[in-house]
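> Coordinates for the following, if possible.
(one chain, ligands or ions: 2)
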Amino acid sequence: MGSRLALDKDVYVRDEVQTAAKILVVGHFAVGKTTLIGTLSEIPPLRTEETMTQAGSGIDDLKGVRGKTTTTVAMDFGRLTLSEKLVLYLFGTPGQQRFIQVWEDMTRGALGALVLVDPERLEESFPVIDLIEQYGLAYAIAVNHFDGTQSRTKEELREALDLFPETPVITCDARDQKSSAGALITLVQYLMNRVP
Ligand SMILES: Nc1nc2c(ncn2[C@@H]2O[C@H](COP(=O)(O)OP(=O)(O)OP(=O)(O)O)[C@@H](O)[C@H]2O)c(=O)[nH]1
Ligand SMILES: [Mg+2]
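Ligands and ions are numbered 1, 2, ... in the order given. Presented below is the predicted three-dimensional model:
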């Protein structure tokens, strides 16, 4: 217990009152997962970024992704204290199918997931949503608004993504703290209301 206290004093000192929840931030390639966790984390986020090389050019589709030189190869990790009673541990999980093994580990113990979606690359979100449903995780959709993207109504997005009526759809800008926090809070409220 002594070493746990030393590792994460803030959380364990207030043990009786504070609950920790694991939340996944998922989404397809270059949708803004690392950006969102970096924006929200109150500790320096753990990142596993590697420079993209020519070898990956036929694998990760850079179409519509400007100025991206690195990609996440394992995970992102950050922490966000939402209130005296609730601290969130954020795990960013790569959406590419070749990372399916990472999903096996990441989904364990997770309360739910924020699924980041680029409205201009909707079809890339289908396999990610399929995976989340396959693992039985509750989720909310956060539409990351890249500059200049065509806006669609939430209803159009809901229909295009074939969502359940109760699944929350929120818009956000992964670079903006307030809007990213708003997306996460919507997810957490949704998850809390589902708890029997
Ligand atoms: N204009 C704009 N750019 C954004 C936004 N969100 C992220 N970006 C940029 O989009 C690029 C991809 O963002 P990342 O956070 O690396 O995306 P990712 O989902 O972690 O990518 P992978 O780990 O490679 O799958 C970066 O260059 C970001 O700066 C946004 O809302 N607007
Ligand atoms: Mg990333």
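
> excluding its backbone neighbours, what's nearest the residue nearest the centre of the chain?
The residue lying closest to the centre of the chain (C-alpha atoms, centre = their mean) is residue 25, at 1.4 Å. Distances taken as C-beta to C-beta, 6 or more residues apart in numbering place residue 92 nearest to residue 25, at 4.6 Å, with adjacent residues excluded. Every C-beta, even on glycine, is put in place using the N, C-alpha and C of the backbone.

> Equivalent analysis for residue 68, please.
If the residues on either side of it in the chain are set aside, residue 68 comes closest to residue 30, at 5.5 Å by C-beta to C-beta, 6+ apart.

> any idea of the mean pLDDT in the helix or strand hosting residue 102?
In the assignment (DSSP states H and E), residue 102 maps to helix 100-106. Helix 100-106 comes out with an average pLDDT of 86.

> What is the subsequent helix or strand relative to that helix?
strand 110-117.

> what about the closest residue to residue 152 other than its chain neighbours, distance to residue 131?
Of all residues not flanking residue 152 in the chain, residue 119 sits nearest, at 5.5 Å (C-beta to C-beta, 6+ apart). From residue 119 over to residue 131 the distance is 20 Å, taken as C-beta to C-beta, to the nearest Å.

> Likewise for residue 84?
From residue 84 to residue 131 the distance is 34 Å (C-beta to C-beta).

> Neighbour count: these two, which is higher?
residue 131 (20 against 9; other C-beta atoms under 10 Å).

> got a list of what residue 69 touches?
Listed by C-beta atoms under 8 Å, 6 or more residues apart in numbering, the contact set of residue 69 reads 51-52.

> Now the top helix by length along the chain: buried residues?
Secondary structure of the chain per DSSP state H: the longest helix is helix 177-194. Neighbour counts over helix 177-194 (16 or more other C-beta atoms under 10 Å) mark 179-181, 183-184, 186-188, 190-191 as buried.

> just stretch 102-118 next, same as before
Across stretch 102-118, burial judged by 16+ other C-beta under 10 Å covers 102-103, 106-107, 110-118.

> farthest-separated two in those residues?
111 and 118 (24.4 Å; C-beta to C-beta).

> quick one, what contacts residue 86?
18-21, 188 are the contacts of residue 86 under C-beta under 8 Å, 6+ apart.

> Buried ones among those residues?
18, 21, 188.

> want to try JSON lines for the residues you listed, with distance to residue 46 and pLDDT as columns?
Listed next are these as JSON lines, based on distance: C-beta to C-beta, whole Å; pLDDT from 0 to 100:
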{"residue": "18", "distance to residue 46": "21", "pLDDT": "81"}
{"residue": "21", "distance to residue 46": "18", "pLDDT": "95"}
{"residue": "188", "distance to residue 46": "21", "pLDDT": "96"}
